[in-house]
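1. Build me a model from this:
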Amino acid sequence: MQNGSFSYFALQILGDHPERVLKSVMILWLVGVLLSASRGNTRILGFVVMITLVCVEAYNYILLFMGEAPALTILYLLPFVWLLLESRKKQPKKAS
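-> Numbering: from 1, shown residues only. Here you go, the predicted model:
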């Protein structure tokens, strides 16, 4: 988009702060899903994925304070693989 004021607002004023906050909120939401709804083997996978993701997020915050670019961003796709596996499980039938 060739709008100077929009580019200034989006890149100079906001920067990547909203994206960083939304990533952190998404990670907290996924941890909540893991603790409240996950069962069985996918719960173990979820713990591994979320521990990895929390460590990557902490590492990226350290890199941010050091003035470096974020690293290992491909690992942010792991929770979606876990959620796909979680969604394929059959729900237990409730006794009526």
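2. can we go C-alpha only for contacts and neighbour counts from here?
-> Will do.
3. Would you mind listing where the protein has pLDDT under the threshold?
-> Within the chain, the stretches with pLDDT under 70 are 1, 92, 96.
4. residue boundaries of the helices in it?
-> With DSSP state H applied, the chain shows helices at 4-7, 17-37, 41-66, 78-87, listed in chain order.
5. Compile the ones you listed into JSON lines and extend it with columns for mean neighbour count and distance to residue 72.
-> Shown next, in JSON lines, are these (neighbours: other C-alpha atoms under 10 Å; distance: least, C-alpha to C-alpha, whole Å):
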{"stretch": "helix 4-7", "mean neighbour count": "10", "distance to residue 72": "27"}
{"stretch": "helix 17-37", "mean neighbour count": "13", "distance to residue 72": "14"}
{"stretch": "helix 41-66", "mean neighbour count": "16", "distance to residue 72": "7"}
{"stretch": "helix 78-87", "mean neighbour count": "15", "distance to residue 72": "11"}
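6. would you list these in a markdown table and tack on distance to residue 95?
-> Listed next are these as a markdown table, based on distance: least, C-alpha to C-alpha, whole Å:
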| stretch | distance to residue 95 |
| --- | --- |
| helix 4-7 | 57 |
| helix 17-37 | 19 |
| helix 41-66 | 23 |
| helix 78-87 | 22 |
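7. any idea how far the most centrally placed residue in the chain lies from residue 43?
-> By C-alpha atoms, centre = their mean, the chain has its centre lying nearest to residue 27, at 4.1 Å. Between residue 27 and residue 43 the computed distance is 16 Å (C-alpha to C-alpha, to the nearest Å).
8. Equivalent analysis for residue 95, please.
-> Taking C-alpha to C-alpha, one finds residue 95 at 24 Å from residue 43.
9. Ok, residue 7 next?
-> From residue 7 to residue 43 the distance is 43 Å (C-alpha to C-alpha).
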